[in-house]
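Participant: okay, here's the prediction I keep looking at, along with the sequence it came from:
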Amino acid sequence: MVAKTFGSAVSGVDAKLITIEVNVGQGTSFYMVGLPDSAVKESQQRVESALKYFGYRMPRQKVVINLAPADIRKEGSSYDLTIALGILKASEQVQFPELENYVIMGELSLDGKLRPVKGVLPIAIEARKQGFKGFILPKENATEASIVNKLDIIGVETLEEAINFLEGELEISPMVTDTRDLFFNSLEKYEFDFMDVQGQENIKRAMEIAAAGGHNVIMIGPPGAGKTMLAKRLPSILPPLTLQEALETTKIHSVAGKLGRHASLIAQRPFRSPHHTISDVALVGGGGNPQPGEISLSHNGVLFLDELPEFKRTVLEVMRQPLEERKVTISRAKVSVDYPANFMLIASMNPCPCGYYNHPEKECVCGPGIVQRYLNKVSGPLLDRIDLHVEVTPVKFDEMTSTRKTESSKAIRERVIMGREAQVKRFIDNPEIYCNAMMPSHMVKEVCKINEAGKLLLKTAMERLGLSARAYDRILKVSRTIADLAQSQDIKVEHLAEAIQYRSLDREGWAG
C-alpha cells in the first residue's frame, strides 16, 4: 500500500512543500530516495525505536520512502514524525482519514518524544498558502507557528499523541495567537534606555541623526568612554517595526534556530554583536548547509562591531556588498539562496592600540606611525559606506554624578519617527528606498540641493579640513536628515555645518 504525508524543506527564508510517499510491499529491504542527507537517512533507526516504544512495529517487508520533488536536497531530522506516520498508514497498522490534510514535521527521540525543529514559521506560512487544514508539530514550536492565522496549529509531545489525534481518539485544541495584539503589546518593551546615559549629549545627537536617516556610524574613543553602552541603546530610538518587518525578522531567526523554546513574534529590532574572532562565513552566512549569518540576523535592526580594527580584513570586506545591496546571496553548484540583510552598521574602535591617542588627560604611548597603521586596518571602501564618524570623549566626573534627568529613548524616538515620516513622503515613488541613507548618488543631487552659502561652506570645509571626495555625498545625505529632524524643507547652512563635524576620519592628518 502507498501512503502520502506532507512535510516541508526550508530554502533561504522560504519553505517548499515536500511530499513523503511510503510504499510497503513484498521484499525485505529499506530504501529512502529523493536526495536525503545523512540525518534524514538515520531516521530509520529513530522511527523504528519510537514505533516499538508505543507497541507498533516496523514492517519486515520492502519499504520504499520517496521524498518528492527528488531534485531538492532534504536535510535535518525534522522528517522523522512525517515518515513514521506514513509507515504506519502504508503498513495498515492504523487508519488516518485526514492524514493528507496536514503538514507534519518533528524530530523523534528513541522513546517517541518530539524535539523542536528549525524553520517552523516559514513552513506554517507555506502550509497556509498551499491550502492545508493544519500543521502538526512539536509542542515547543507551536507558539511560533501560531503566529500564522487560518491554519490549525496542533502541538504534540509524543508520537502517540499524533497518532491518537489523527485517528480521532484524542482532541487537541489548535493553538491560537492574536498576532496583532501580541505585536502591539511588545513594541514598547526595551531592555536599555538613553535615560540611563549621563553626559555624552553630542553622541546622543549623532545617534538620533543616524536613527532618523538610517545612517551607519563609527565611534572612535578611548576605553571606557561609553561606546558599547551607547550602541546598545540605539534600537530603542529606531522607529518601531511594522508587522511585516516583524514577520520577516522572525522568519530569519526561525530558520537559523535562534528563536528559543516557546518563542513567538520578534517585535523589537534585533541587536547583534558578534565577537571580533568571527569568521567571514559566520558573519555573512553560508556553510555546507547554508544558514543565515549575523548580518541577516540583524535584518531590520542593528549590527554592532566592537573593536572594528581587530576583525580580520577578509571578514570586514565581505560586508561591502551587503551594505550596498541590502541582501546576501549564497551560491552553490545546484542552488542559490538569498537572505535579506537590511541593517544599520554601528562600529566602535579605539583611536590607537593603547587607546589614548587624543585623550584629554592620559598620554598615548604608541610610536610614530603606529596610529595611522592601526587606523589603516579599516579599509577605505568600508569607511566609504559609513556616514557618521563620531569622536567619543570620556565622561567627566561631574556629569557622571549628576542627578539631572536625561532625555528618555521614547522622547528621542518620537523625533526620529517624525523625521522618517518626511522621508517616506519624499520616496513614495521609490518603494525600495525609505530613508536618506539608501539614496543613490544620482538622487542625492535632486534631493539634497544647497544654496550658494552652503556650497561655499562645503567648499571651504573640504579645502581647510582636507576632507576626501567620498565625504561629499555623505555630508549631503546627513545634512538632509538633520534638516528633516528640524522639519525644514531646505538644507540650511547650520545643517551642513553640523554634518561636516561627523567626518573625522576623512580629515587629512587626523592621526598625525
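Facilitator: Ah, there it is.

Participant: wasn't residue 405 part of a strand?
Facilitator: No - counting by DSSP: H, G, I helix; E, B strand; the rest coil, residue 405 falls outside a strand, being coil.

Participant: so what's residue 491 bridging to?
Facilitator: Note on residue 491: beta-bridge partners by DSSP bridges are residue 450.

Participant: who are the neighbours in contact with it?
Facilitator: Residue 491 sits next to 448-450, 454, 476, 479-480, 483 when contact means C-beta atoms under 8 Å, 6 or more residues apart in numbering. All C-beta spots, glycine's among them, are computed from the backbone N, C-alpha and C.

Participant: what do you get for residue 72?
Facilitator: Per C-beta under 8 Å, 6+ apart, neighbours of residue 72: 9, 11, 16, 18, 35.

Participant: mind running it again at 7 Å?
Facilitator: With contact set as C-beta atoms under 7 Å, 6 or more residues apart in numbering, residue 72 has these partners: 9, 16, 35.

Participant: helix, strand or coil for it?
Facilitator: coil.

Participant: just residue 15 next, same as before
Facilitator: On the three-state scheme (three-state DSSP), residue 15 is labelled strand.

Participant: one step back: out of the contacts of residue 72, which are buried?
Facilitator: Burial by neighbour count, judged by 16 or more other C-beta atoms under 10 Å, picks out 9, 35 from those.

Participant: okay, the contacts of residue 491 in JSON lines with distance to residue 50 and secondary structure next?
Facilitator: Listed next are the contacts of residue 491 as JSON lines, based on distance: C-beta to C-beta, whole Å; DSSP: H, G, I helix; E, B strand; the rest coil:
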{"residue": "448", "distance to residue 50": "64", "secondary structure": "coil"}
{"residue": "449", "distance to residue 50": "69", "secondary structure": "coil"}
{"residue": "450", "distance to residue 50": "70", "secondary structure": "strand"}
{"residue": "454", "distance to residue 50": "72", "secondary structure": "helix"}
{"residue": "476", "distance to residue 50": "64", "secondary structure": "helix"}
{"residue": "479", "distance to residue 50": "65", "secondary structure": "helix"}
{"residue": "480", "distance to residue 50": "61", "secondary structure": "helix"}
{"residue": "483", "distance to residue 50": "65", "secondary structure": "helix"}
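
Participant: could you dump those residues to TSV with distance to residue 140, pLDDT and neighbour count?
Facilitator: What follows is the contacts of residue 491, written out as TSV (distance: C-beta to C-beta, whole Å; pLDDT from 0 to 100; neighbours: other C-beta atoms under 10 Å):
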residue	distance to residue 140	pLDDT	neighbour count
448	51	90	21
449	56	89	12
450	57	91	20
454	58	91	21
476	51	93	23
479	50	95	28
480	47	95	27
483	50	95	23
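
Participant: let me know the closest of the residues you listed to residue 164.
Facilitator: Proximity of those to residue 164 (C-beta to C-beta) peaks at residue 480, which lies at 62.9 Å.

Participant: remind me which residues of this protein are low pLDDT?
Facilitator: Low-confidence segments of the chain (pLDDT under 70): 262, 333-334, 400, 469-470, 507-512.

Participant: closest to the centroid, which residue in it?
Facilitator: By C-alpha atoms, centre = their mean, the chain has its centre lying nearest to residue 297, at 2.3 Å.
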